[in-house]
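> Here is my input, please return the structure:
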Amino acid sequence: MNIIALFDSISLDKARIGNFLKGDISQIKKQLLAQKEINSEITDSDIAALLKALKSNPASFEVVLNNRILFNFFAKKDYPRKYFRTELDFVEIIKVKSFVDVFLANELKVFFTQNLEANKFSAISHLAEAQHYFPDSLNVSLKNYSLSKLNDAITILKPTYGNISKVLYIKDSHFFTFLNHIKDDEIEQKIMDLSLVITEFCKQDQNSELANKTFLAMNEYHAFDDDFAQKIAKNKDIADTKFEAYIPKKRNLTWVYVTVGFFVFIRIVFFVNTINFNKYTNDNVTYDEEIDYKTKSEAKKIDRYYTNMKFTIDSFRIFLADYKKLEIKQITQDISIKTGENPFQTFYQNEPAGESNNFIKVKNNTGYDMVLLENTVLYDSIKMPQSAHYIKTGDILEINFKHFETKTVFNLYLGKKWATFQTNSKHLFIRNHSIVEYRFSELIPAAMDILKTDYSFQNDATISYSKSGLNIDSKNTKINPLSETQK
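Here you go, the predicted model:
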């Protein structure tokens, strides 16, 4: 247990730090030893560290205890601002950084490393607000991670384009909030470079969801350079205007449906009238050719990312469920994975999303472990990966739909012995730039057919398996016809 959580567990008065006498320290030690008897998380080394902090550098300790962000993080609390004092600026920052380095740096490093590798920026963007108290070594590490993330995005978004699913974090406003807290001239230059790349990307498709969401997210970054700050604001305004047309809103859209319906009716009438006449030419181009040209032009408006997604999903399915068991080598099993965790780091990244009231409970009665894959359907047929949820056999998991305003389908991946291993297949997904993504080393019969089938869960569901196949017990759960076109 860290010294902040330990300090809070015995309800010491923060205002008395620096005024504790020798007898007070002895009494505190007795309290800590008594607390250890009822809390197995407390160790002798934790107690020794707290007593050392109280005696060696109480002024810096008081600063950390009165920093709302640091205290709430280490104590795992959510106290409001009024709980903390603010008149502590007399303490030298370098001394506070040294204190954090000695007593708290390891926990900070682990937290940032895990969340940066998983592209989870919501929590770290908040914690990074206290970075002026972080040790220099940690700040250098955060900067290097950030530059690497920006370089990856810049490289992948340049022609001939890489796997865009690996850099979807650029759509997350928390990513730019995080960068805003640790920014320097080098980071700002990389963000400028990214802005130019996104601008070029947008020229290929002005309605690009990826580009417009990135411009919106980038507005959370407050640039040093005034011209760049104005450009960010301008791009945000343009994205607001364009994105308004296709972001679902919780409001009455009846008048929109009526207007669209009217124009669709006119288009149909116009089309019916035209088919009653022979083809006619206009500047040596037939009417049929003009329609074909417009159709092709409209098709180009969909992001390359979306049009390539079917191939990527098919490749991921082959990776998960279509390998040769005899080719398995260099296997390492993961026995620590728990129900509710996202088991992947490359494809399904569980992006941060708003809260919703769309909950379902899924019970796994198959006798196999399960990964429930949540996908959003765009443009009527393109499936976009959203979330992945591991459910151990016999367990129940409550799922909160991440994109509840769009069509959502689920796919089921079942097997045993979750592990990383290699085969001779060319379909590989690599995590952390080093090891093969995890998957089941023993599969349920007909694993690929089950994985390809799309399910639309609308109520709680119990999933079981027998010789006759997979059975889903739910009032409104159904196999989605989309699965026939996605195979």
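
> And whichever strand in the chain runs longest, what does it pack against?
In the chain, with assignment by DSSP state E, the single longest strand is strand 407-422. Here strand 407-422 touches strand 329-333, strand 369-378, strand 382-391, strand 435-436, strand 439-443, helix 447-452, strand 455-456, going by 3 or more Cβ pairs under 8 Å, 6 or more residues apart in numbering; DSSP states H and E. For the C-beta atoms, the positions are set from N, CA and C on the backbone; glycine is no exception.

> Of those, which is nearest N163?
Judged by Cβ to Cβ, the one of the helices and strands packed on strand 407-422 that comes nearest to N163 is strand 382-391, at 12.1 Å.

> And the next helix or strand past that closest one?
Sequence order places strand 396-400 as the next helix or strand after strand 382-391, per DSSP states H and E.

> any idea of the mean pLDDT for that following strand?
For strand 396-400, mean pLDDT rounds to 84.

> Name the surrounding residues that touch the helix or strand containing T312.
Element membership of T312, judged by DSSP H and E, is helix 309-321. Contact with helix 309-321 is made by 163, 165, 347, 382-385, 413, 425, 427-429, 437, 439-440, 443, 447-448, 451-452, 486, as judged by Cβ atoms under 8 Å, 6 or more residues apart in numbering.

> average model confidence for the longest strand of the chain?
pLDDT averaged over strand 407-422 gives 90.

> now stretch 39-49
For stretch 39-49, the mean pLDDT works out to 91.

> chain center to it, what's the gap?
Distance, stretch centre to chain centre, for stretch 39-49: 34 Å (Cα atoms, centre = their mean, to the nearest Å).

> List the buried residues in that stretch.
Within stretch 39-49, the residues that count as buried by 16 or more other Cβ atoms under 10 Å are I42, D46, I47, A49.

> With stretch 148-162 instead?
Buried-residue list, stretch 148-162, by 16+ other Cβ under 10 Å: K149, L150, A153, I154, I156, L157.

> List the ones among the residues you listed that fall in strands.
Using DSSP E, none of those sit in strands.

> domains for the chain, by residue range?
Per automatic domain parsing, the structural domains of the chain span 3-103, 128-243, 254-299, 308-486.

> Nearest to T113, out of the ones you listed?
The nearest among these, by Cβ to Cβ, is domain 128-243 at 8.0 Å.

> chain center to that closest one, what's the gap?
In terms of Cα atoms, centre = their mean, the centre of domain 128-243 is found 16 Å from the chain centre.

> repeat for stretch 311-325
That offset, for stretch 311-325, works out to 23 Å (Cα atoms, centre = their mean).

> Could the C-alpha coordinates of it be exported in PDB?
Below are the C-alpha coordinates for stretch 311-325, written out as PDB (Å, rounded to 0.1, in the frame of the first residue of the first chain):
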ATOM      1  CA  PHE A 311     -10.800  -7.300 -45.100                       C
ATOM      2  CA  THR A 312      -9.300  -6.500 -41.700                       C
ATOM      3  CA  ILE A 313     -12.200  -8.200 -39.800                       C
ATOM      4  CA  ASP A 314     -11.900 -11.300 -42.100                       C
ATOM      5  CA  SER A 315      -8.200 -11.400 -41.400                       C
ATOM      6  CA  PHE A 316      -8.800 -11.100 -37.700                       C
ATOM      7  CA  ARG A 317     -11.300 -14.000 -37.800                       C
ATOM      8  CA  ILE A 318      -8.800 -16.200 -39.600                       C
ATOM      9  CA  PHE A 319      -6.200 -15.300 -37.000                       C
ATOM     10  CA  LEU A 320      -8.600 -16.200 -34.200                       C
ATOM     11  CA  ALA A 321     -10.200 -19.400 -35.500                       C
ATOM     12  CA  ASP A 322      -8.700 -20.700 -38.700                       C
ATOM     13  CA  TYR A 323      -5.200 -21.800 -37.700                       C
ATOM     14  CA  LYS A 324      -3.800 -25.300 -37.800                       C
ATOM     15  CA  LYS A 325      -3.400 -26.800 -34.400                       C
END
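
> What residues sit buried inside stretch 437-452?
Buried, per 16+ other Cβ under 10 Å, within stretch 437-452: E437, Y438, R439, F440, S441, L443, I444, A447, I450, L451, K452.

> residues contacting the first one?
This means E437. F319, F344, Q345, T346, F347, T420, L428, F429, I430, R431.

> Identify the residue nearest it in space, chain neighbours excluded?
F429 (4.1 Å; Cβ to Cβ, 6 or more residues apart in numbering).

> Check the fourth one too.
In space, and not counting its chain neighbours, F440 is closest to G415: 2.6 Å by Cβ to Cβ, 6+ apart.

> and if you look at Y145?
L116 (4.9 Å).

> Could you do D101 as well?
Nearest non-adjacent residue to D101, counting by Cβ to Cβ, 6+ apart: P135, 3.8 Å away.

> Can you give me the neighbour number for the one you found?
By other Cβ atoms under 10 Å, the residues close to P135 number 18.

> now stretch 72-82, how far from the centre of its chain.
In terms of Cα atoms, centre = their mean, the centre of stretch 72-82 is found 24 Å from the chain centre.

> Pretty sure L150 sits against Q189.
No. L150 lies out of contact with Q189 (Cβ atoms under 8 Å); the separation is 9.5 Å.

> Out of the buried residues of stretch 148-162, flag the one nearest to D395.
Closest to D395, out of all of these and judged by Cβ to Cβ, is K149, at 33.8 Å.

> Quick check: phi and psi at the residue lying closest to that closest one once chain neighbours are set aside.
Distances taken as Cβ to Cβ, 6+ apart place Y169 nearest to K149, at 6.8 Å, with adjacent residues excluded. The phi/psi pair for Y169 (degrees, to the nearest 10) reads phi -60, psi -20.

> Run through the residues that contact Y169.
Counting by Cβ under 8 Å, 6+ apart, Y169 has contacts N119, F121, K149, A153, F175, Q349, E351.

> Can you give me the distance of the closest residue to the first one other than its chain neighbours to F176?
Meaning N119. In space, and not counting its chain neighbours, N119 is closest to Y169: 4.3 Å by Cβ to Cβ, 6+ apart. To F176, Y169 is 10 Å away according to Cβ to Cβ, to the nearest Å.

> With L12 instead?
38 Å.

> cool, F440 as well?
37 Å.

> what pLDDT, on average, does whatever helix or strand L194 lives in get?
For L194, the element it lies in under DSSP H and E is helix 185-204. The predicted model gives helix 185-204 an average pLDDT of 92.

> what does stretch 435-442 give?
90.

> Settle it for me: which of L12 and F176 has more neighbours?
Using other Cβ under 10 Å as the criterion, L12 and F176 rank with F176 on top: 24 against 19.

> which regions of the protein sit below the pLDDT cut-off?
Across the chain, residues meeting the criterion (pLDDT under 70) sit at 86-90, 242-308, 350-358, 379-380, 401-406, 432-434, 475-487.

> 50 - rerun?
Scanning the chain with the threshold set as pLDDT under 50 gives 244-251, 275-300, 352-354, 403-404, 481-487.

> How far does whichever strand or helix holds D24 sit from its chain's centre?
Assessed by DSSP H and E, D24 sits inside helix 22-38. The chain centre lies 42 Å from the centre of helix 22-38; the measure is Cα atoms, centre = their mean.
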